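Peer 1: Sequence and predicted structure, then a few things I'm wondering about:
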Amino acid sequence: MVKSAIFLIVLCGWLQAMSAATEKEPSKKCRPVADGFIVAGVDGMLTDSNDSGESSDKCDQASEKRWFFRFDSDVSDNTGGLICSGESIEMLPSSLLEKMTTDARNRAGQSYRLWGRVTKYGGRNFIFGTYFVPLGNIVQPQPSAPPKSDIKEPAINEPNDILAIPEDITARLAARKIIRQRQPEKGVEPKTDYILSDRSGFLVEGADGGAVFVLDALGRGMQGSSLELLPCLVLEKSQQEQSREFERLRFKTAGIVTVYKGRYYLLPQRIKTVYSHGNFGR
């Protein structure tokens, strides 16, 4: 009886240990990172809407191909957000994206190291790129084997000993990524982003359903210019504020103006309501 009881106790303990060992760790859950999160030197691949598998929504532009950045590794912030390895995040239109797509058309690989700002709109993340570096693979030349007569057996502690690199290290070096120098394409005019500071205007809906910021001429008899607004948390909050008001609100904004394929876009950093107190017309 005693041996049977001991055997049962040992068996129960072993079963519990096996159950704990076979229990899988909770799988990581991808969550949108915070708006304004900075990605600095992350590796990934530039893909288009056909390769990403993303479905279309109201943020899509029917006339423009959408581009995505597929992350090679996990990226997390300090708020619990996590961009998982293999996840594709849509890239916002910008002068840098135009340079990336041009570079991708001129070579076979589309691997890049990317710097940029992550925005959040409607529970989704987007990337506004600020800098990128193309990546490629090293092609290791295959050395020709010397004649057998020239090979000498190295002696122990010989100063001129032949040091052979292990095969696993050689394989890693062969697949190592390198930085390629980008050459400017002829006929492509370089574009520089600039800051728009404290300009007043109105939020309207564009023809494609996106948000547009129409600059206010403030009675100067000038037709207001417009900028397409890029999705971010600042824009989302401003749209929510406008939806609660019956009349059209006047806003003052500051942000980054960029150009993509001849169209002007604004990534707002700040939008605040301007109260005219009846001094200006709606």
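Peer 2: Arrived safely.

Peer 1: Mind jotting down where the strands sit in this protein?
Peer 2: In order along the chain, the chain carries the following strands (DSSP state E): 37-48, 67-71, 75-76, 82-83, 88-91, 111-121, 124-137, 177-179, 194-205, 211-215, 226-229, 250-260, 263-274.

Peer 1: I'd like these laid out as JSON lines, including mean pLDDT, mean neighbour count and distance to L97.
Peer 2: Where C-beta positions appear, they are placed from N, C-alpha and C, glycine not excepted. Below are the strands of the chain laid out as JSON lines (pLDDT from 0 to 100; neighbours: other Cβ atoms under 10 Å; distance: least, Cβ to Cβ, whole Å):
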{"stretch": "strand 37-48", "mean pLDDT": "94", "mean neighbour count": "17", "distance to L97": "9"}
{"stretch": "strand 67-71", "mean pLDDT": "97", "mean neighbour count": "22", "distance to L97": "6"}
{"stretch": "strand 75-76", "mean pLDDT": "94", "mean neighbour count": "18", "distance to L97": "19"}
{"stretch": "strand 82-83", "mean pLDDT": "96", "mean neighbour count": "22", "distance to L97": "18"}
{"stretch": "strand 88-91", "mean pLDDT": "97", "mean neighbour count": "21", "distance to L97": "5"}
{"stretch": "strand 111-121", "mean pLDDT": "96", "mean neighbour count": "21", "distance to L97": "10"}
{"stretch": "strand 124-137", "mean pLDDT": "92", "mean neighbour count": "18", "distance to L97": "6"}
{"stretch": "strand 177-179", "mean pLDDT": "63", "mean neighbour count": "12", "distance to L97": "20"}
{"stretch": "strand 194-205", "mean pLDDT": "91", "mean neighbour count": "15", "distance to L97": "17"}
{"stretch": "strand 211-215", "mean pLDDT": "93", "mean neighbour count": "20", "distance to L97": "19"}
{"stretch": "strand 226-229", "mean pLDDT": "94", "mean neighbour count": "20", "distance to L97": "14"}
{"stretch": "strand 250-260", "mean pLDDT": "95", "mean neighbour count": "19", "distance to L97": "6"}
{"stretch": "strand 263-274", "mean pLDDT": "94", "mean neighbour count": "18", "distance to L97": "10"}
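
Peer 1: got TSV for the ones you listed, with distance to P166 too?
Peer 2: Written out in TSV, the entries for the strands of the chain read as follows (distance: least, Cβ to Cβ, whole Å):
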stretch	distance to P166
strand 37-48	25
strand 67-71	30
strand 75-76	32
strand 82-83	34
strand 88-91	36
strand 111-121	26
strand 124-137	20
strand 177-179	20
strand 194-205	52
strand 211-215	57
strand 226-229	55
strand 250-260	48
strand 263-274	48
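
Peer 1: quick one, which of those is nearest to E98?
Peer 2: E98 lies closest, by Cβ to Cβ, to one member of the strands of the chain: strand 250-260, at 5.5 Å.

Peer 1: Quick check, pLDDT for the residue nearest to N125 when sequence neighbours are not counted.
Peer 2: Nearest residue to N125, sequence neighbours excluded (Cβ to Cβ, 6 or more residues apart in numbering): P32, at 4.7 Å. At P32 the predicted local confidence, pLDDT, stands at 95.

Peer 1: I'd like to know which of the strands of the chain lies nearest to K99.
Peer 2: Distances from K99 to each of those were compared using Cβ to Cβ; the minimum, 7.6 Å, belongs to strand 124-137.

Peer 1: Which other helices and strands does that closest one contact?
Peer 2: Contacts of strand 124-137 with other secondary structure elements, assessed using 3 or more Cβ pairs under 8 Å, 6 or more residues apart in numbering; DSSP states H and E, are made with strand 88-91, helix 95-105, strand 111-121, strand 177-179.

Peer 1: re earlier: how close does the residue nearest to N125 sit to D193?
Peer 2: When distances are taken as Cβ to Cβ, to the nearest Å, P32 and D193 turn out to be 24 Å apart.
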